[in-house]
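*Asks:* what's the 3D shape of this:
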Amino acid sequence: MDIPDDIFGESLNLEDTHLNEGFQEGYETGFASGKDDGREVGLKTGFTTGEELGFYRGCIDVWNAVIRVEPSCYSARVEKKIKEMDELLSKYPILEPEIESVTDIMGSLRLKFRAICATLNVKLEYNGYPKSSDPNEIQF
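*Replies:* Predicted structure coming up:
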């Protein structure tokens, strides 16, 4: 008959066993929860960024359509700024958001947009998509 070396060994290690099991269970639960939270934040941030980029694309498309219809409508300086903004927008790494230049490009886009609007003497700004379904709370 085999007799274990220490008959109290399991009892003495019971606390460590439960601590390790609890840690592992908590780690797995936290990892899954963190992944879900990260995905939700990423989707929200990506949607907001895409919405702003779409706004700028729409403005550029309208300004370029005006230039095609009436080539002398804007000064050469404004046309150059519109072209520069278009190039910045096409450089934006939509599929690689971890690239560090993303914030620089977005800042440059916002600056160019404000410069064009100021030169055209237009009060136009991106405020984001209206969050309320109440028509009285939407500001134009």
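
*Asks:* ok, V122 to E52 distance?
*Replies:* Remark: distance between V122 and E52 (C-beta to C-beta, to the nearest Å) = 18 Å. Quick note: C-beta positions are derived from backbone N, CA and C, even for glycine.

*Asks:* neighbour count winner among the two?
*Replies:* Neighbour comparison, V122 and E52: the larger count goes to E52, with 17 against 10 (by other C-beta atoms under 10 Å).

*Asks:* for N64, which non-adjacent residue is closest in space?
*Replies:* I82 (6.8 Å; C-beta to C-beta, 6 or more residues apart in numbering).

*Asks:* for I94, what are its contacts?
*Replies:* Residues in contact with I94 (C-beta atoms under 8 Å, 6 or more residues apart in numbering) are G50, L53.

*Asks:* does it belong to a helix, a strand or coil?
*Replies:* coil (DSSP: H, G, I helix; E, B strand; the rest coil).

*Asks:* next one: C73
*Replies:* Strictly by three-state DSSP, C73 counts as coil.

*Asks:* please begin residue numbering at 23 from this point
*Replies:* In the new numbering, first residue 23, that becomes C95.

*Asks:* so it touches I89, yeah?
*Replies:* Yes - judged on C-beta atoms under 8 Å, C95 makes contact with I89 at a distance of 6.5 Å.

*Asks:* neighbour count: the two, which is higher?
*Replies:* Neighbours were tallied for C95 and for I89 using other C-beta under 10 Å; the higher tally belongs to I89 (16 against 13).

*Asks:* relative to K105, how far out is that one?
*Replies:* For I89, the distance to K105 - C-beta to C-beta - is 10 Å.

*Asks:* what sits in contact with each of these two?
*Replies:* Common neighbours of I89 and K105, counting by C-beta under 8 Å, 6+ apart, are absent.
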